[in-house]
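> Structure for the following, please:
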Amino acid sequence: MKIRVKVTPNARANEVMGWQEMDLVGPVLLVRIKAPPVDGKANKALTQFLAKHLGVSKSQVRLEKGDSSRIKVLSVPDGVEV
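Now for the predicted structure:
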């Protein structure tokens, strides 16, 4: 299953803020990540944090699109409740 995530890097703590409806994009999961957006650190931290939050292995959460964008498309296993 694919989900859209809006990431805020350089946050005080890693946390899931909830869902938001965005024009032209649709539902987006808002996530704050402590890591800076440098050399892919925020992307790596995002996938690791979401894997832990969802209770799946790190390899099951993959960044599909949006490597350098705040809005990213992630692939997570089917049947996982987000």
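> is it true that A51 lies in a helix?
Yes - under DSSP: H, G, I helix; E, B strand; the rest coil, A51 sits within a helix.
> doesn't L63 make contact with it?
No - applying C-beta atoms under 8 Å, one finds A51 not in contact with L63, separated by 11.7 Å. Any C-beta I mention is one placed from the backbone N, CA and C, and that applies to glycine too.
> Can you point out the helix or strand that includes V5?
Under the criterion of DSSP states H and E, V5 resides in strand 2-8.
> which residues sit against that strand?
With C-beta atoms under 8 Å, 6 or more residues apart in numbering as the test, strand 2-8 has contacts from 20, 22, 25-33, 42, 46, 50, 64, 70-76, 82.
> Just the buried ones from those residues?
Buried members of the contacts of strand 2-8, counted by 16 or more other C-beta atoms under 10 Å: 28-29, 31-33, 42, 46, 50, 72, 74, 76.
> give the contact list for V16.
V16 is in contact with 29-31, 53, counting by C-beta under 8 Å, 6+ apart.
> Please narrow those to those residing in strands.
29-31 (DSSP state E).
> Of the buried ones among the contacts of strand 2-8, just say which sits nearest to P9.
Nearest to P9 among the buried ones among the contacts of strand 2-8 is A42, at 4.2 Å by C-beta to C-beta.
> would you list the buried ones among the contacts of strand 2-8 in CSV and tack on distance to K6 and pLDDT?
Formatted as CSV, the buried ones among the contacts of strand 2-8 follow (distance: C-beta to C-beta, whole Å; pLDDT from 0 to 100):
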residue, distance to K6, pLDDT
V28, 5, 97
L29, 7, 97
V31, 7, 98
R32, 10, 98
I33, 11, 97
A42, 12, 95
L46, 11, 97
L50, 13, 96
K72, 8, 97
L74, 11, 97
V76, 16, 95
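> quick one: the helices in this structure?
For the chain, the helices defined by DSSP state H cover 41-54.
> now V31, which residues is it bridged with?
Beta-bridge pairing for V31 (DSSP bridges): V7, V16.
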